[in-house]
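Engineer: Structure for this input, please:
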Amino acid sequence: MNAVRTLRTAALAALPAVAAVHAAPVVSTFGPLRNRAMPGLSGRGRPDHVALTFDDGPDPRSTPRFLRLLDERGVRATFFLLGDQAVRAPGLVGEIAAAGHEIGVHGWLHRPLLLRGPRATYGDLARARDAVGSLTGRRPVLFRPPYGVMSASAHLAARRLGLTPVLWTCWGEDWRARASPVTVHRTVTADLDGGGTILLHDSDCTSAPGSWRATLGALPAILDTCEERGYAVGRLCDHGWPPARRRRSGTPSAHGSSTVP
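Structural biologist: Next up, the predicted model:
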């Protein structure tokens, strides 16, 4: 009994340390620190280029409007898809890929990974990766965590699954109920510089209802500002990112995904 009691006491004493290790990567959520100290995780790329990324889709109500606008402007982007959204709109996933956009995963459900253990985290990412891969015929290689919050479990799961995490250098705060085309454009361009990665949302499934309209309204002005500043706009795979030394064989393709082994 004494041995059992000792083991239980030791386990309880170790819990804070385990929790601290699990949560340590959350520091990357702080944008200014991440942009300075973690350029790879921020999606920092070519200085003459800006990567345009969208989260939370696909959404049949809104994503097609973004696809039309991007087609009109001759711009391709990176879409981080939620697995449960993707399986509800498989045809739309195909449209995104057919248009030449890059596809990554945003998890299966939009839940904070910091509150999930290793098994649940791995299962969520694996399910999303496999579902999106089956819909496109190409296995995704990019991953963006919900809310931009990483954990030790998320890093380990991503590595095991061949996924590279990427966050952003600037965003539009376009999920807010009070967002407007003017505020989204102003917020993005305040921190926009060459080599940066823009985060926007093509769906309001986890945002204020109708917030995607502000994003769509701001997008032409954002693209105009990039052009005025001399930045080409495109996908992360056009961004010189991830670095070649971190890519696996067969990645990325014209759709920014690796071929299925």
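Engineer: in the chain, which spans are helices?
Structural biologist: Taking DSSP state H to define them, one finds helices in the chain at 2-23, 31-37, 39-42, 63-73, 83-86, 90-98, 118-136, 152-161, 181-190, 212-228.
Engineer: Among those, pick out the one with the most neighbours on average.
Structural biologist: Most buried of the helices of the chain by mean neighbour count (mean count of other C-beta atoms under 10 Å) is helix 83-86; its value is a mean of 22. C-beta here means a position set from N, CA and C on the backbone, and glycine is covered the same way.
Engineer: packing partners for that helix?
Structural biologist: Applying 3 or more C-beta pairs under 8 Å, 6 or more residues apart in numbering; DSSP states H and E, we find helix 83-86 packed against helix 118-136.
Engineer: Got phi/psi on the residue nearest the centre of the chain?
Structural biologist: When the chain is reduced to its mean C-alpha position, the closest residue under C-alpha atoms, centre = their mean turns out to be Arg144, at 3.0 Å. Note on Arg144: its backbone torsions stand at phi -120, psi 120 [degrees, to the nearest 10].
Engineer: With adjacent residues omitted, what lies nearest to it?
Structural biologist: When the adjacent residues along the chain are set aside, Arg144 lies closest to Phe80, with 4.4 Å between them (C-beta to C-beta, 6 or more residues apart in numbering).
Engineer: Please name the bridge partners of the one you found.
Structural biologist: Legend: beta-bridge partners of Phe80 under DSSP bridges are Asp55, Gly104.
Engineer: and it, what is it in contact with?
Structural biologist: Applying C-beta atoms under 8 Å, 6 or more residues apart in numbering, one finds that Phe80 lies in contact with Thr53, Phe54, Asp55, Asp56, Gly104, Val105, His106, Leu142, Phe143, Arg144.
Engineer: Most neighbours of all those, which one?
Structural biologist: By neighbour count, taken as other C-beta atoms under 10 Å, the most surrounded of the contacts of Phe80 turns out to be Val105 (31 neighbours).
Engineer: what sits against Met99?
Structural biologist: Met isn't right for residue 99; it's Ala. Ala99 makes contact with Leu67, Leu70, Asp71, Arg76 under the criterion C-beta under 8 Å, 6+ apart.
Engineer: my bad, should have said Gly195
Structural biologist: Contact criterion C-beta under 8 Å, 6+ apart gives Arg44, Gly45, Arg46, Pro47, His49, Val50, Thr169, His239 as the residues in contact with Gly195.
Engineer: do the same with Leu81
Structural biologist: Contacts here follow C-beta under 8 Å, 6+ apart; on that basis Leu81 touches Gly57, Pro58, Val93, Ile96, Ile103, Gly104, Val105, His106, Ala128, Val132.
Engineer: Could you pull out the buried residues of stretch 196-212?
Structural biologist: When neighbours are counted by 16 or more other C-beta atoms under 10 Å, the buried residues of stretch 196-212 are found to be 196-207, 211-212.
Engineer: Take the contacts of Leu81 and write them to a markdown table, including pLDDT and distance to Leu163.
Structural biologist: Formatted as a markdown table, the contacts of Leu81 follow (pLDDT from 0 to 100; distance: C-beta to C-beta, whole Å):
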| residue | pLDDT | distance to Leu163 |
| --- | --- | --- |
| Gly57 | 95 | 18 |
| Pro58 | 97 | 19 |
| Val93 | 98 | 17 |
| Ile96 | 98 | 18 |
| Ile103 | 97 | 12 |
| Gly104 | 97 | 8 |
| Val105 | 97 | 7 |
| His106 | 96 | 11 |
| Ala128 | 96 | 9 |
| Val132 | 97 | 11 |
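Engineer: Thank you kindly, that will do.
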